[in-house]
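*Asks:* sequence-free structure coming up:
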């Protein structure tokens, strides 16, 4: 596995795919918790600003998702996208089958940038 393959696996397959699936499995989204805490603080200072910031955080979250999917495709092509999706499914299932799916995603992600 090349250094690009290692980076792809760490950042996109594990960091983006697996961890997002894991948060769904657990039922807790740290990004949402941080956003809600920030909005509560802003509401105490300026209620009108809090709604604008909330919309901005939603747009930023969607933009990050789009950029991550685009980067997965740009770096790894279709195989890279499949690897990230397998990492995501592995995080959701998080058991014997989930770990197997994650391992397949990591292997595919490791070779995807070199193809």
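*Replies:* Done, it's in. Values in this document were obtained by computation on a predicted structure and should not be read as measured data.

*Asks:* C-terminal to the longest helix along the chain, what's the next element?
*Replies:* As assigned by DSSP state H, the longest helix anywhere in the chain is helix 47-93. The helix or strand immediately downstream of helix 47-93 is helix 96-111, counting by DSSP states H and E.

*Asks:* Now do the contacts for residue 6.
*Replies:* Applying Cβ atoms under 8 Å, 6 or more residues apart in numbering, one finds that residue 6 lies in contact with residue 110. Quick note: C-beta positions are derived from backbone N, CA and C, even for glycine.

*Asks:* Which is the succeeding secondary structure element to the helix or strand where it lies?
*Replies:* Here residue 6, judged by DSSP H and E, is contained in helix 3-8. With elements assigned by DSSP H and E, the helix or strand that comes after helix 3-8 is helix 19-26.

*Asks:* Now that following helix: buried residues?
*Replies:* Residues 20-23 are the ones in helix 19-26 that count as buried (16 or more other Cβ atoms under 10 Å).

*Asks:* Quick one: residues in contact with the helix or strand that contains residue 44.
*Replies:* Element membership for residue 44 (DSSP H and E) is helix 30-45. Under the contact criterion Cβ under 8 Å, 6+ apart, helix 30-45 has outside partners 23, 49-50, 53-54, 57, 61.

*Asks:* Pull out the buried members of the residues you listed.
*Replies:* Buried subset of those (neighbour count, 16+ other Cβ under 10 Å): 23, 50, 53-54, 57.

*Asks:* Reformat those residues as JSON lines; add pLDDT and distance to residue 76.
*Replies:* As requested, these are exported to JSON lines (pLDDT from 0 to 100; distance: Cβ to Cβ, whole Å):
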{"residue": "23", "pLDDT": "91", "distance to residue 76": "22"}
{"residue": "50", "pLDDT": "77", "distance to residue 76": "39"}
{"residue": "53", "pLDDT": "83", "distance to residue 76": "34"}
{"residue": "54", "pLDDT": "83", "distance to residue 76": "33"}
{"residue": "57", "pLDDT": "85", "distance to residue 76": "28"}
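
*Asks:* These into CSV, with extra columns for distance to residue 87?
*Replies:* CSV is the format used below for these (distance: Cβ to Cβ, whole Å):
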residue, distance to residue 87
23, 13
50, 34
53, 31
54, 29
57, 25
